[in-house]
Every structure is written in structure tokens, then in C-alpha cells.
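K.L.:
Okay, predicted coordinates and the sequence, questions at the end:
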Amino acid sequence: MKELRLMKGNEAIAEGAIRAGADGYFGYPITPQSEIMEYLMAEKPKERTGMVVLQAESETASINMVYGGAGCGKRVMTSSSSPGISLMQEGLSYMAGAELPCLVVNVVRGGPGLGTIQPSQADYFQTVKGGGHGDYKLITLAPASVQEMYDFVSLGFELAFKYRNPCMILSDGVIGQMMEKVEIGDQEPRWSDAYIREHHPWSTLGKTPDRPHNIITSLELESSRQEKVNLKIQAKYRILETEEVRYEMIDCEDADYVFVAYGSSARICQKAMELGREKGIKIGLLRPITLYPFPVKVLHDLAGKTKGMLVVEMSAGQMIEDVKLAVECRVHVEHYGRFGGIIPSPSEVLHALENQIIGG
Amino acid sequence: MSENITKEELQQDENLIYCKSKVLTDNEFHYCPGCGHGTVHRIIAEVVEEMGIQGQTIGVAPVGCSVLAYNYFDFDCQGAAHGRAPAVATAIKRLLPDRYVFTYQGDGDLAAIGTAETIHACNRGENIAIIFINNGIYGMTGGQMAPTTLEGMKTATSPYGRSIADTGSPLRITEMIAILPGTHYVTRQAVHSPAAVRKTKKAIRKAFENQDLKQGLSFIEIVSNCNSGWKMNPRQANDWMVEHMFPYYPLGDIKVDGQLVK
Amino acid sequence: MTEEIIIAGFGGQGVLSLGKILAYSGVMQNKEVSWMPSYGPEMRGGTANVTVIISDERISSPVLNAFDTAIILNQQSMDKFEKSVKPGGLLIYDPNGITHHPLRKDINIYQIDATEEATKAGLTKVFNMVVLGGFLKMKPIIAPEFIHKGLEKSLPKRHHGMIPANEKAIEKGKEILKPYHLV
């Protein structure tokens, strides 16, 4: 039987990183995710697996350390919360441009600005629309449980290396701070240099006589060549959009109405569904797991079968834009959100459905 | 030289008295004639070749005139975001402790936008080398004021001369980082004369060899010119550098084997 | 079986650790659990509360606005959470420091003099386990052997010597729980 532990979401990220065989973590403290680095430091991963954990001087330095490690083909990561993630946008753009894989965890808090330290989902646009400059995307995973926080570390690394692109786990203060049961996996080995040289031959581990020197860069002064770089990156994104869409559908078969929500909001919607079904309202839930690539097709198909959709987010309405694009006006779509660190209650969400969709 | 000797006649082994390091690629330098970058690149390549560490060396290029340095060095390189080379190099060295890792940075990159990364990499005592080219100006973007621009020096963004009242004093960042316990070797050199080139090569070799000692960071400032940015010919630029830059940025070792030089 | 619980009191009363021990014991008994604290500035000396859910099925929302059981350890929490107990639900409170006692008539209300008992018995460090005992008396959803395992998992190894004292406190809590109002 697998080992079961009661863990905070943030702790699950940290343990998941060690178990996934990550090579390095570089971070800077910020609430509500500081437990990630605290847990790693307490666990002495250098002794457990040889993993490097370093507290950097800023989020800017952290993401550029991640750049350096990723350039060597190493599985490296960082984590932060909203204001710190804003500081990392330059580095993320460079990594997407240089086609470097990495994992970034954002335990989102309320904004804008310094905002609050309580949960929020207001970094959706920043994450999936490209928070930094240039045409690029972040592969975005939205965990809705502590188990998924744990599991998505290794999934995130897998996708990041498969597509040579940064991957973000977009979480929030609810999932980061709550404790749930986690099934702990076996210790995966860290990659050897020989393995990296074979599977990721672009990495800068040191030149060997059988190949030219490797260069990691996002710079290309020739426009015609830069356009080719961009086309290559866009071609990867088209593959991602067909191959890597992940979502969960609950009770949508007979549903008259559908909640669309991710992360902790999806959990709250699930309870609202239960309350609604007790009252005889047939509600389903579509939970995007990948926010990029977004489950466009499934939403489009669902639109023809339901009377209305309520997009529930802890923001002023961000994912709703993607939902509306996906359903192409085939169904009535409304948004319900609380923000600034306020978590909506299940009954509040059900009332919103009744007022805005069923009665609206 | 007589004009009737052909190139082929000249290129004979017995005439060979100097050749390019094997650790440089065949790409032609894009640097302005008279610029110090080409000389420093050559020195680094020679040191790597002589130490036999081409396969173990990883360089980190900055943003600035030497942004394309990785096209000339025939070893693995990464190009960092502006100012972030010490952070990039930190991770490379931590993850690959037996490699020789160095950053190559200009004054804007290292002493303005990257000040925090510079100071903290030095303070952590990362076992890397930082090679810092100080020519007192932003060359790549067209000759704007740098943190190391001398008082009164005219640049595109200080057209009437740098005013200390408005912009502070030229930054001697090398003296600043020398007092940090994390730095093991700190020196300021130049490449304007054969003697200076020899000294700089010794310094760079020491900076690479120090990485085996794991005693901390080696920091080499090279005071250089920018004849284009300074709007002088190469000769005038070197003379101006000797006359004006060296008094403010005096050459010589500042810290050796972890001890400040008195 | 799904049991949705709010535990609320002052920071320092062991509210969060009470919840953690209960949740961890649930894990040991192979239940689904969630533990969601309020977090933020109020943690520093103010009120603290935690929502604990223990279930045989997958848990939906870790954040709730109605509870099967409220365990209330100060007046502010009483003011905030008395109204959140589901009709027919359970409210357990320590009357120490309570000036406005609960008025609900549609729920079962029990008092537990945990502060007083813990002080008398020299068990102040395990005050929160006295409270847990009171809860388990009414809702024996976790067997004692799994509470033992939950204590082992929740407490740092250096405090494992305290486990018997914790279990004694739980037993004490079961003894002293008394009804205040029954439906």
C-alpha cells in the first residue's frame, strides 16, 4: 500500500518535487506559499536526493537561476505568489523564447498590487494570456486538491520537457494552505548527465567532441530567422492544443445548467451542485485542469446541451472570456466572482446560478 | 610589405607566429576595430584551451555589446537576460559543481540593472568567475551614460557631461564587492598594451583555477575603451582611457587569496 | 458518512492542531479528509478557525457555510458560528469566557468545561484534547486506535512522550461533556 500523509498543498508541492527527482529549487519567501521552501529546507533534499535548494535574493534572481539550471537540462523549479510572479515575467518570456523547460508554482493571492494574502484566482490572464512580452504561452495546470498539487509536479516537468516550454501550476491560497490526504509515490531518480545528454541534447552540460557548442539564448537579430523561431514555437502550441487538453466533467450528462470553474472554485461549485441537486436543480461541473491549453472543444459541445453556464472564479471575470469564445454564443454564460481574498460559499454560488442563469 | 606576395604564399607554416585559439569559432567578431572585447575573448579562449577544459567550461553572456559572445566561444554558453548572468551562473555551478563557469558582463549589465545579482552572487561566494568589462558607457544601445561613466563625460544621455549632483558618482563596484567575505580574488586589469594583456591573461587563468579551490568568487574588472561611444579613434580612446579612466579605476589586485591588498 | 466541522477559538488554544489531529486520525482510518484554516493576520493572537471534513466519499468544497458540528471556544466564535450549524446539528462549547450563551433551539448543544478541567488536572497543554474527547463522545466517527495513530503522525517525535497525556485528556473530555439544550 502507498504511503498516506496529511499534508498542506504547499508541502505536497515540495515533497512532490523531491520525489519527482527534481534537481533544483530556487525561490524567495512570500505568503501564502513560503511553506514550499521551508519544507524543502527542513527536508535536506541535498542529503535525500542531491537536489539543490537555494534562497535567492529576489524573485527576479530566482527565475534566472531557474533559467540557468534549465539550460543545463536539469529539472528545476521555483514558486511564488502573485506579486513575485509578476517579477518573474521577464524570465518566463526569456525561457519560452529560449525554449527552456521549467516548473513555476503560483499560489495566487488577492491583488492588484501588494493586495491581500488571502486566496484569489485573479492571475488567470497573466498566466494564460502571456504575462511577459512576446508571443508565447505557459502550459498551465490548475490543481483542485492537495493530491493534485503533489501529482502535478511530475506531470508539469513531463510536459515542460516534452514541449521545451515553461509550465505553471496555478494554485491559490485555499489549495496551498489546506491539508488533505495525499498518496505519496515512490522516489524517482534524478537524471544523470548521460541521460540528459542523450534525451535533451540541446542542454549546456559542456561541449563534447561529437557536437558543436550548444547555445541557450532567446536572441535572434535577423528578423527572418526570428520569425522562423516564432513559427516553430507556435507549431508546438498547436500540438499542445490538440494533445494535452485535460479537464474533469462531473454530472454533466443530465445537467440543465453547468458550472465552469477551476481550482478551489471548482471544489466550491461541487458543493453548490450537491445543494442544487437536493433542491431538484440538475447541475453539472466542467473543471478545466489545463487552463492552457484550454478545453475549447468540450465546452463547445457542452454548450449545445445545456440551458446556461455560470463561470465561477475568485476574480472579476477572467476565464469567462475563454468560455465565451469556446461556446460561440450558443448558450447563456454569466460570471460570478468574489475577490480581494474573499472565498465564495457554496450556497452563495448556488444563489448566483438561480438568480443570474435560471431566473435571469 | 611588398605588394606582389600573394595571400597563399604568405600562409605557410614556417611563417606562422600567431594563430587564433582553437576555442574560438570561425565567426568574425562584430566588435568595432580597437574595442577591447575581441582581445578579452581571445584571452579567455586561450586560457580554456591551455587548461584543457573546453568540455567543462560553461559561459554566460550578458546583454550589451558582448550579447553575442557565445557565437565566438567554442564551448557551451547561455545568454542571460540583462543583468541576470550571476543568477544564471549560480544555478549552473550549483547543479554542475565540477564545471568551470564564468559570466562576461559590461558595466550597465553588471553595475546598474544587475547590481543585486552581482552583489549577492559575490556575497554567497559562488565558485564562479565574473569578467567585468568597464568602458564607462552603454555601447550597444548607442552611447548612453553608464553607472561607471566619469564625471563630466559626455554621453547620449548626459550630453553636457555627467553631473554628480544629478546622477551620483561613477560606481567603483569592484572595490565594493572586494570587502565581501564571499569574494576570493578581485583584481582590475586592462588590455590596451601587450604587458596589460599578459597580466589580464594571468588574472583570468587564476580566476578559472580558483574554481578548483572552492574558496569563493573571482572577480576581474577589465577597464576598456569604447572608441565609437567615446567618439574617438582607437588610439585616442586608449590614451584617454589611460589618462582619465585609470586614475579613477586604478589597475592592480584588490584582493588576493581572500585577503584585501593593502 | 460525511461530517462537516468548524472548530473556532483564540489563537493559542490549539484550534488548528485539534483539527489536524482529528483529520490525521481520519486519514489513518482511511477516510477522506480536508483541513482548511483561516489564515492571515488574525492568526497572530486573534481568533483562529479551521474547517475539518471527514467523509467516506470524495470531499467537494473544503470551504463551507453550514456545518454538522461547531466546536466553539470563545465568544467571538460563538457570535460568528452559532448560526452556521445546520438544523438538527451539534454545537459543543466551552463556557469559560462565554457571556452570551447559545440561543438556538433547533440544534443539540453541549457544554464542555475543558478550560477548568484541564487546569484542575494539570492538563493545560492538552486542553484541546479534552475538547476533542467531548466531540468524539457525540460523534464516535474515529476509533480510538486511529486517534492514537493520528497523534503519532501529528505530533513531532520529541513530543511522543505526551501521547498518553493526550489520550487521558480525550477520556476526560468524554466524561465531562454535558448537555445544555437538546432538541
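P.N.:
Yep, that arrived. Numbers count the residues shown, from 1 in each chain, chains lettered A, B, ... in the order given.

K.L.:
how near is the spatially most distant residue from the centre of chain C to B:Leu10?
P.N.:
In terms of distance from the mean C-alpha position of chain C, C:Arg158 ranks first, at 23.8 Å (C-alpha atoms, centre = their mean). Distance, C:Arg158 to B:Leu10, by C-beta to C-beta, to the nearest Å: 81 Å. Where C-beta positions appear, they are placed from N, C-alpha and C, glycine not excepted.

K.L.:
before we move on, what about A:Glu15?
P.N.:
67 Å.

K.L.:
go on, A:Glu334?
P.N.:
A:Glu334 is 81 Å from B:Leu10, where distance means C-beta to C-beta.

K.L.:
what about those two, which has more around it?
P.N.:
Between A:Glu334 and B:Leu10, A:Glu334 has the larger neighbour count (other C-beta atoms under 10 Å in any protein chain shown), namely 17 against 9.

K.L.:
list the contacts for C:Pro144?
P.N.:
Shown in contact with C:Pro144 (C-beta atoms under 8 Å, 6 or more residues apart in numbering or on different chains): C:Glu167.

K.L.:
what does C:Ile176 give?
P.N.:
Residues near C:Ile176 by C-beta under 8 Å, 6+ apart: C:112-114, C:117, C:130, C:134.

K.L.:
Quick one: which of those has the lowest pLDDT value?
P.N.:
When these are sorted by pLDDT, the bottom entry is C:Glu117 at 91.

K.L.:
In which helix or strand does that one reside?
P.N.:
Counting by DSSP states H and E, the element that carries C:Glu117 is helix C:114-120.

K.L.:
Can you list the neighbours in contact with that helix?
P.N.:
Here helix C:114-120 makes contact (C-beta under 8 Å, 6+ apart) with C:73, C:94, C:96-97, C:123-124, C:126-128, C:130-131, C:134, C:169, C:172-173, C:176.

K.L.:
Pull out the buried members of those.
P.N.:
Burial by neighbour count, judged by 16 or more other C-beta atoms under 10 Å in any protein chain shown, picks out C:73, C:94, C:96, C:123, C:126-128, C:130-131, C:134, C:169, C:172-173, C:176 from the contacts of helix C:114-120.

K.L.:
From those residues, which shows the smallest pLDDT?
P.N.:
On pLDDT alone, C:Leu123 ranks lowest of the buried ones among the contacts of helix C:114-120, at 80.

K.L.:
Skipping adjacent residues, who's closest to that residue in space?
P.N.:
Leaving aside its chain neighbours, C:Leu123 sits nearest to C:Ala169 (5.0 Å; criterion: C-beta to C-beta, 6 or more residues apart in numbering or on different chains).

K.L.:
hang on, the one you found in a helix?
P.N.:
Yes - according to DSSP: H, G, I helix; E, B strand; the rest coil, C:Ala169 belongs to a helix.

K.L.:
Touching, it and C:Gly122? I think so.
P.N.:
No - at 10.5 Å, C:Ala169 does not count as touching C:Gly122 under the criterion of C-beta atoms under 8 Å.

K.L.:
who in chain A is up against chain B?
P.N.:
Residues of chain A that fall close to chain B, judged by C-beta under 8 Å from any C-beta of the partner chain: A:23-24, A:26, A:52, A:54, A:56-58, A:60-62, A:64-69, A:71-72, A:74, A:76, A:90-91, A:94, A:98, A:193, A:204-209, A:213-219, A:221.

K.L.:
how does it look with 7 Å?
P.N.:
By the rule C-beta under 7 Å from any C-beta of the partner chain, the part of chain A lying against chain B is A:23-24, A:26, A:52, A:54, A:56-58, A:61, A:64-69, A:71-72, A:74, A:76, A:90-91, A:94, A:204-208, A:213-217, A:219.

K.L.:
and the residue of the stretch 1-150 of chain B found nearest chain C, what pLDDT?
P.N.:
Distance from chain C to each residue of the stretch 1-150 of chain B (C-beta to the nearest C-beta) is smallest for B:Ala116, at 29.1 Å. For B:Ala116, the pLDDT comes out at 98.

K.L.:
cool, and B:Ile254?
P.N.:
For B:Ile254, the pLDDT comes out at 98.

K.L.:
Contacts for the host helix or strand of it, please.
P.N.:
Element membership of B:Ile254, judged by DSSP H and E, is strand B:252-256. Under the contact criterion C-beta atoms under 7 Å, 6 or more residues apart in numbering or on different chains, strand B:252-256 has outside partners B:174-175, B:178, B:183, B:185-188, B:260-261.

K.L.:
Stretch A:145-157 now?
P.N.:
With C-beta under 7 Å, 6+ apart as the test, stretch A:145-157 has contacts from A:7, A:9, A:12-13, A:15-17, A:20, A:75, A:103, A:141, A:143, A:167, A:169, A:171, A:175, A:178-180, A:182-183.

K.L.:
For C:His160, grab the count of nearby residues.
P.N.:
12.

K.L.:
For it, list the residues it contacts.
P.N.:
Residues counted as contacts of C:His160 (C-beta under 7 Å, 6+ apart) are C:Glu152.

K.L.:
Which of the three states applies to it?
P.N.:
C:His160 - assigned by three-state DSSP - is helix.

K.L.:
Tell me the spacing between it and C:Ser60.
P.N.:
35 Å.

K.L.:
Repeat that for A:Ala261.
P.N.:
Distance, A:Ala261 to C:Ser60, using C-beta to C-beta: 12 Å.

K.L.:
now A:Glu248
P.N.:
Taking C-beta to C-beta, one finds A:Glu248 at 12 Å from C:Ser60.

K.L.:
got any ranges where chain C has weak pLDDT?
P.N.:
Scanning chain C for pLDDT under 70 picks out C:39-45.

K.L.:
Let me see the ranges of the strands in it.
P.N.:
In chain C, the strands defined using DSSP state E lie at C:2-10, C:32-37, C:47-55, C:67-72, C:85-93, C:108-111, C:178-181.

K.L.:
Relative to A:Glu244, which of the ones you listed is closest?
P.N.:
strand C:32-37 (28.5 Å; C-beta to C-beta).

K.L.:
roughly how far is the closest one from the heart of the chain?
P.N.:
Remark: strand C:32-37 is offset 13 Å from the chain centroid, using C-alpha atoms, centre = their mean, to the nearest Å.

K.L.:
now the most centrally placed residue in chain A, nearest residue through space, not along the chain?
P.N.:
Nearest to the mean C-alpha position of chain A, by C-alpha atoms, centre = their mean, lies A:Ile169 at 2.4 Å. Spatial nearest neighbour of A:Ile169, chain neighbours left out: A:Val105 (4.5 Å); criterion: C-beta to C-beta, 6+ apart.
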